[in-house]
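A.B. asks: pasting the structure only:
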């Protein structure tokens, strides 16, 4: 799955008198261009902007699969070594997954459950700064 990763910096309304500086990362699925992805993020955060807003970075990110969890708060990125055996030849390929969970242990457990029928090894898993995954309107 190919995503557009957009990093924004803006003054966020907090409900109090003092705005708070925010740096957030969003993944956009289904955007056809960086401009489309930027517009999707800006539409999402527009109600919270107080003052300046700057798109700091745009790049493409690829994940083999994404495992959302409605109760999860954080997104964890996992590097997994997938192992395939074709006759006498063993092939190892590193791929990335995204898992939504509250704790690292929960993310590892969810990923192991999702991949239990595959021959693979989790190489690493780390909490990301991704706020949300948005879907571009076509």
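C.D. replies: Sure, I can see it. None of the values given here were measured: they were computed from a predicted structure.

A.B. asks: going forward, measure contacts between C-alpha atoms and count neighbours the same way
C.D. replies: OK.

A.B. asks: okay, now the domains of this structure?
C.D. replies: Annotated domains of the chain cover 2-61, 65-128 [automatic domain parsing].

A.B. asks: so what's residue 92 bridging to?
C.D. replies: Going by DSSP bridges, residue 92 is paired in beta bridges with residue 83.

A.B. asks: Against residue 2, how distant is it?
C.D. replies: From residue 92 over to residue 2 the distance is 21 Å, taken as Cα to Cα, to the nearest Å.

A.B. asks: The host helix or strand of residue 79 packs against which elements?
C.D. replies: For residue 79, the host element (DSSP states H and E) is strand 74-86. Applying 3 or more Cα pairs under 8 Å, 6 or more residues apart in numbering; DSSP states H and E, one finds that strand 74-86 contacts strand 89-101, strand 120-127, strand 130-135.

A.B. asks: in the shortest one, what counts as buried?
C.D. replies: By 16 or more other Cα atoms under 10 Å, the buried positions in strand 130-135 come out as 130, 132-134.

A.B. asks: Equivalent analysis for stretch 92-100, please.
C.D. replies: Quick answer for stretch 92-100 (16+ other Cα under 10 Å): 95-100.

A.B. asks: Equivalent analysis for stretch 55-66, please.
C.D. replies: By neighbour count on 16+ other Cα under 10 Å, the buried set for stretch 55-66 is 55, 58, 66.

A.B. asks: which one of those residues is nearest residue 116?
C.D. replies: residue 66 (15.5 Å; Cα to Cα).

A.B. asks: what bridges to that closest one?
C.D. replies: Per DSSP bridges, the residues bridged to residue 66 are residue 98.

A.B. asks: cool, residue 124 as well?
C.D. replies: Judged by DSSP bridges, the bridge partners of residue 124 are residue 79.

A.B. asks: Mind pulling up the pLDDT for it?
C.D. replies: At residue 124, the model reports a pLDDT of 97.

A.B. asks: Who are the contact partners of it?
C.D. replies: Applying Cα atoms under 8 Å, 6 or more residues apart in numbering to residue 124 gives the contacts 78-80.

A.B. asks: which outside residues touch the strand holding residue 79?
C.D. replies: Contacting residues not belonging to strand 74-86 are listed as 90-104, 107, 118-131 [Cα under 8 Å, 6+ apart].
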